[in-house]
Every structure is written in C-alpha cells, then in structure tokens.
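# fold the stuff below for me.
(chains A and B)
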Amino acid sequence: MNNELLAELLYPNIKTLPADIEARYPKRVLPEGAKVTRFAPSPTGFLHIGNLYGAFTDERLAHTTGGIFYLRIEDTDAKRTVPNGIAIIIETLAKLGVIFDEGAVIDGDNGAYGPYRQSERAEIYQTFAKQLIREGKAYPCFCTEEELEAIREKQESEKLNPGYYGEFAIWRDAPIEKIQEKLDNGEAFVLRFRSEGNINNKLKFGDEIKGTIDVTENDIDHVILKSDGIPTYHFAHAVDDHLMGTTHVVRDESWLSTLPFHIQLFKALGFKMPKYCHTAQVLKLDNGNKRKISKRKDPEAALTYYHSQGYPVAAVREYLMTLLNSNFEEWRLANPNAPIEDFKFTTKKMSVSGSLFDLDKLNDVSKNVISRMTAEEVYDLTLAWAKENDPEFASVLEADKEYAVRILSIGRGGKKPRKDIALWSEVKNYMSFFYNGLFAPVDAVPKTFEKSDVSAILNAFAAAYDENDAQDVWFSKIKEIASANGFCPDMKLYKADPSAFKGSVADVSMFLRVAVTGRMNSPDLYEVMQILGRETVLARIKAFAS
RNA sequence: GGCCUGUUAGUCAAGUGGUUAAGACGUCGCCCUCUCACGGCGAAGACAGGGGUUCGACUCCCCUACGGGUCACCA
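Numbers count the residues shown, from 1 in each chain, chains lettered A, B, ... in the order given. The predicted structure is shown next:
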C-alpha cells in the first residue's frame, strides 16, 4: 500500500503497465536453436578492436543459426554521445563486413522491436521501474554527490567495502514523509534497486565461453534510474534484452563483476535470463606488462587505423577469426578458398584468457589473403584505398587500368603465388618503377664492381635485347654476355670457385635489375621488362650505363 | 584492499590422467634460385613455483607468485 503510494509519488506520469509494454514485444518466431544477438555500443564515434571482436562473435552466432543480429544504441549517457556516432558505427562495421538484420539505422529504426535507441525508451524503463517500486524492490535516494563521497571516504578509512549497502544505504528504509518532503522541495533523486543479496553467499553461474564460474551475491543497492529518469546500463540491459528477445548476450569480460547484480535484476523483474558469452579481452604489451588495448595510447586500437593503413577488410576479419576460434587456422589451411561463412563458429573454441594483438601475424594473414586475390581484385581494392589516402597514386592507377593489372599479375595465381603485399599502402612502392613518373632509384650497384664492366655489360645487353625473345632465349643471352665479360654464367660453377671470376650471372642480372628498376630486388626481371616495353627498358639501361 | 578471473615457447594456441607436449606467426640455418618473394627441409624455444591425490599428472585439489578485470547517477 505504502509502495503503491510511493510509486505514484515518484512517477506520476507513467500510466503504462508492464503488461502493456510486453504486449508490444511479441515472442520472436524463429527456427529451433536460432540465436538472437545484439551489438550494443555507445555512440562515442569510436570503434575499438575489441568492439569488432565482439561484433564478429555476435554476427557469427546469429547467422550460423538462422537467428537475428541487431544493433541497439546505448546512448543513456548524453555526455558520451557524439553527433555522428551512429553513422560512424554503422559505416565502419559495414566496411568490415558486419551487417545488421535489424535495429537502429542512421535515420531511424528498422525492425519491430524498437525503438533501438535507449534514449527513446524512457517510458518503457520507467514503467518497469515503477512496477519495481510497487513491489518494494526499488526506492528513491536523495543523496548528493558530496554525501556519497563522504560515505566512500568513511568506508575507505575503515577498510570496508565501498558502496551503497547496509548501514550506508541511508534512504533504503526512509519513511514516506521524508521522501515527500524532499520531493516537495524539488530535490532530485535516483532510483535504487533494493538488494537482498549477501556477500557471503556464493553461487555457480554457467557462461558460454568461460564455463562455470563462481560469483558472489551482490549486496549493493545500485542505481537503476538516474536523476534524469534515464536508466543505467544495468537496468537498460535487463529490460531491453528481455523485450527484444536477445538469447545470447556477448560482452566483454569486464562485465563479469556486475553479473551478480544483473542476475538479481532479471529475477526481480520476472525475466528469463539470456545466455551470456563473456569474451576475453584484446591486450597489448606495454613495458613488459600486458594491458587492455587503449584507444588513447594505441593507434591500432581504432578500427579506422586498419582501414587507413590499408589492411584489406578480409585480412582483419580473417585475423580476428584466428583469435576468436582456435581451430580456425587449421580449417583455413584445409579450405584456403572457402568463404568464411562456411566455418563452423562456436563459443566452445573461444579463448578464456586475453590475447595479445600480434601485428606480425596480421601481416602474414594479410599477405595470404591478398595472394589469393586476382590481379583485378587487387587493383580495385588498391584503387579504392588510394582514392581516400593517396589521390595522386589513384590517378596513376586509373590512367591505365590494363597496364596496372598486368603489373599486379606478376607471380599471381598458381600453386605458389607471390606473397609480398600485406597492405594497400605498400602497393605504390611495389609498382612505382613501372611508371616513369614514379621511377626513383633506391639501390645502386655496389662499388666492388668496376664501372667499366657494368657499362660494358649494359651496353651489350642493350644491343642484344629483343623483346620478342622467349624467357629462356632472353636469359641465355644474359649468360653469354656474362661469359664474354669475365662473369661466370653458371651459379654452381661460380660457387665452387668465386675467385676465378669477376662475378656471376647473378651479378650481371643485378646490374640489369638496378638499371631497369632502380633496386636490387624485384619480381621476375624478364616479366618486368616485358611489361615496361622495349623503349623504356633501353632508355633506362642507356641512362644508367652513362 | 574486497570480489572475480587467468597462467603451455617471444606471440597465438592444441591438449582434458599414460603424447617423442600438435600447429601457426616470428627468429635462425640449409635447399630451390638471376635478386626478392614463394615453396621445401630443418633448428632453437614452453607446461610459473611448491605441496598433495594417484601406479602415473600439463591435465584433479590446495597454497604461493605473477598477470588481467572490476568496485560511478560511464558503458
């Protein structure tokens, strides 16, 4: 009776009842075993590598079971919300291949279980909160920040657990007159959950990833509605995941510490609990210590970093999958060309402890991913990257697509494709010597060779070069030139007694390579010359020889 | 400090009482080879420490150490 009065006193404008709300959210009709997951970020305008780790898990879980993967925006903290936050989230994830079936879209909602922005759900939360008050499970607290601070200090000095509990929960059993008085005074209040928990009680809880974990009951009367009537994360989580039919909650393991409170909330509200998948964190080595990867200190924490560095979307996805499911690499080895969707994703193969982000590994994965692409695909993706990050290079690429594709085709395809591109940002350097406008020598012929020998060899090659020669003919001419100039044409022979020669055919090739490409290392020189064309090859050789 | 949680090579990891303790990245060496890349072969490198339980412990239990997380009207 008293509680009924209190509920009306606190939220007089709420006329809806929980049942009214429930009626708006019918049970989802889905195939047996279908999982409903959600990605629920704050629209801070920043996506973290850890967010992606979770988002992939959500997405795979839903889509491998015929379920639903939806986007919910947790914008209950106005201070953290940025104007384009939602658009950034949707667009960044879309680039990484994460597409939602339902939920918030840039200018509204898509789906029958909205609104999907928590800031638009105040009435819903308050309806359930009001019910909790009626049932004596929640109460108002008028403590000021200073009062709470004083409590904290007292607890600290007496080495007690911090928090609003027991004797410190001063408004827990306040008489209604006192509440009335504060209200009449126009003072703000928060709504707190009345915890019946005891920290001496331990219980077991089954997590889909972590297995059975021990939890201690919560005895703190946490805030569920802030003074502006907007819920805290905890309350919104319980209400939303219940109404929206989430079956599996995927979240960072840092939420484990508040799990006991969430268990209480679901119970108090009469909701069935979803399954929880608490994921390990992505860590980073810092001064010899592992720590959570941080958006402030670590540029690689930002998803946009991978995009601007030029990592292919597929590579980031692929690498994350290797972290996500320990048997993914093995599967990939056996199925090099299968789409990632064919992989049987499971929470059972997820790591329990945090893992260090390994850029070396990412690079390797990326090289493999790119080596499986056609020259055409590499061209398209490089061009797309360059348009955003290197417009000059983009225009070079666009000027002659066919030429660029020929360059990118060298050593591509077949059983043993070249694997020398990990990032789109490396492609320019890889291709530059094919363009007179970008040609800039980086290596020189070592001084140990006589300039006169180098010139003689280059001139001899220029005189003999015929672009119609097949590769073996081309190479035999080089051997002849080597021989004629005191360089050994046979590598085995040369290695047996290097002192008998000025050098080897490898050195002769090197002279040509440096002259034509400006560097000591390059893909197959014959193919390079074929692509460059007679005129350019001879011009570069002659220029170098003199 | 309380609570939760973790600890197999430099990194990611397989492993569930009996294994020569997989594999991948990285490192190094050799081979292939006109260079690089690719590919092939090989090497070094690990069960945090101590107690139990057991015929037998990386696997189970306890303690210690170390790591991570969390203790807001933030999510």
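
# need the residues of the stretch 1-150 of chain A near RNA strand B, please.
Neighbours of RNA strand B within the stretch 1-150 of chain A, by C-beta under 7 Å from any atom of the strand: A:40, A:41, A:42, A:74, A:76, A:77, A:80, A:143, A:144, A:145, A:148. Quick note: C-beta positions are derived from backbone N, CA and C, even for glycine.

# mean confidence score for stretch A:433-448?
Mean pLDDT, computed over stretch A:433-448, is 92.

# is RNA strand B within reach of that stretch?
No - contact of stretch A:433-448 with RNA strand B (C-beta under 7 Å from any atom of the strand) is absent, the minimum separation being 9.5 Å.

# contacting residues around that stretch?
For stretch A:433-448, the surrounding residues in contact (C-beta atoms under 8 Å, 6 or more residues apart in numbering) are A:396, A:403, A:407, A:428, A:431-432, A:454, A:510-511, A:514, A:516-522, A:528, A:531-532, A:536, A:540.

# drop anything exposed from these.
A:396, A:403, A:407, A:428, A:431-432, A:454, A:510-511, A:514, A:516-519, A:522, A:528, A:531-532, A:536, A:540 (16 or more other C-beta atoms under 10 Å).

# so who does the residue in the stretch 1-150 of chain A positioned nearest to RNA strand B touch?
Here the stretch 1-150 of chain A gets closest to RNA strand B at one residue, residue A:74, 3.0 Å apart by C-beta to the nearest atom of the strand. For residue A:74, the contact set (C-beta under 8 Å, 6+ apart) comprises A:40, A:41, A:42, A:43, A:118, A:233, A:236.

# surely the fourth one is in contact with residue A:79?
When you say that, I think you mean residue A:43. No - using C-beta atoms under 8 Å, residue A:43 and residue A:79 do not qualify as a contacting pair, with a distance of 11.8 Å.

# show me which of the two is the more surrounded one.
Each of residue A:43 and residue A:79 has its neighbours counted (other C-beta atoms under 10 Å); residue A:43 has more, 22 against 5.

# look up phi and psi at that one.
Here is the backbone geometry of residue A:43 (degrees, to the nearest 10): phi -80, psi 70.

# gap between it and residue A:246?
Noted for residue A:43: a distance of 19 Å to residue A:246, by C-beta to C-beta, to the nearest Å.

# how about residue A:235?
Residue A:235 sits 15 Å away from residue A:246 when distances are taken as C-beta to C-beta.

# picking up where we left off before, out of the residues of the stretch 1-150 of chain A next to RNA strand B, the closest to residue A:362 would be?
residue A:41 (22.8 Å; C-beta to C-beta).

# neighbours around the closest one, how many?
For residue A:41, using other C-beta under 10 Å, the count is 21.

# so it, which state does it fall into?
Classification of residue A:41 using DSSP: H, G, I helix; E, B strand; the rest coil returns coil.

# any idea how far residue A:69 is from it?
14 Å.

# hmm, back to that, if any of the residues of the stretch 1-150 of chain A next to RNA strand B are buried, give me the ChimeraX selection for them.
Filtering these down to the buried ones (16+ other C-beta under 10 Å) takes a single ChimeraX command:
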select /A:40,41,42,74,76,77,143
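
# from the residues of the stretch 1-150 of chain A next to RNA strand B, which land in helices?
If you go by DSSP state H, these have A:145, A:148 in helices.

# where in chain A is pLDDT low?
Residues of chain A meeting the criterion pLDDT under 70: A:1, A:287-288.

# can you list the domains in it?
Chain A breaks down by automatic domain parsing into domains covering A:2-15+A:122-279, A:285-371, A:375-434, A:451-545.

# could you dump these to CSV with distance to residue A:445?
Listed next are these as CSV, based on distance: least, C-beta to C-beta, whole Å:
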stretch, distance to residue A:445
domain A:2-15+A:122-279, 55
domain A:285-371, 30
domain A:375-434, 16
domain A:451-545, 5
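
# next, the contact list for residue A:536, please.
Taking C-beta under 8 Å, 6+ apart, we find residue A:536 in contact with residue A:436.

# what comes up buried for the host helix or strand of residue A:123?
Counting by DSSP states H and E, the element that carries residue A:123 is helix A:122-134. By 16+ other C-beta under 10 Å, the buried positions in helix A:122-134 come out as A:122, A:124, A:125, A:126, A:127, A:128, A:129, A:130, A:131, A:132, A:133, A:134.

# also stretch A:209-217?
Across stretch A:209-217, burial judged by 16+ other C-beta under 10 Å covers A:209, A:210, A:215, A:217.

# can you narrow the residues you listed down to the ones near RNA strand B?
A:210, A:215.

# just to revisit the earlier point, so which of the buried residues of helix A:122-134 would you say is closest to residue A:323?
Nearest to residue A:323 among those is residue A:125, at 35.4 Å by C-beta to C-beta.

# for the stretch 201-350 of chain A, which segments are assigned as helices?
Along the stretch 201-350 of chain A, counting by DSSP state H, counting those that start in this stretch, helices occupy A:233-243, A:259-269, A:303-309, A:313-324, A:328-334.

# of the ones you listed, which is nearest RNA strand B?
Nearest to RNA strand B among those is helix A:233-243; the distance by C-beta to the nearest atom of the strand comes to 3.5 Å.

# got the contact list for stretch A:499-516?
By C-beta under 8 Å, 6+ apart, the residues outside stretch A:499-516 that reach it are A:433, A:441, A:443-445, A:449-450, A:453-454, A:457-458, A:461, A:478-479, A:481-482, A:485-491, A:494, A:498, A:519-522, A:525, A:528-529, A:532, A:537, A:540-541, A:543-545.

# my error: substitute stretch A:352-365 in the last question.
With contact meaning C-beta under 8 Å, 6+ apart, stretch A:352-365 is reached by A:49, A:209-211, A:253, A:280-285, A:290, A:292-293, A:300, A:311, A:315-316, A:318-319, A:322-323, A:422-423.

# thought residue A:98 was touching residue A:62?
No - assessed by C-beta under 8 Å, residue A:98 is found out of contact with residue A:62, at 11.0 Å.

# quick one, what contacts residue A:302?
Taking C-beta under 8 Å, 6+ apart, we find residue A:302 in contact with A:46, A:47, A:48, A:49, A:295.
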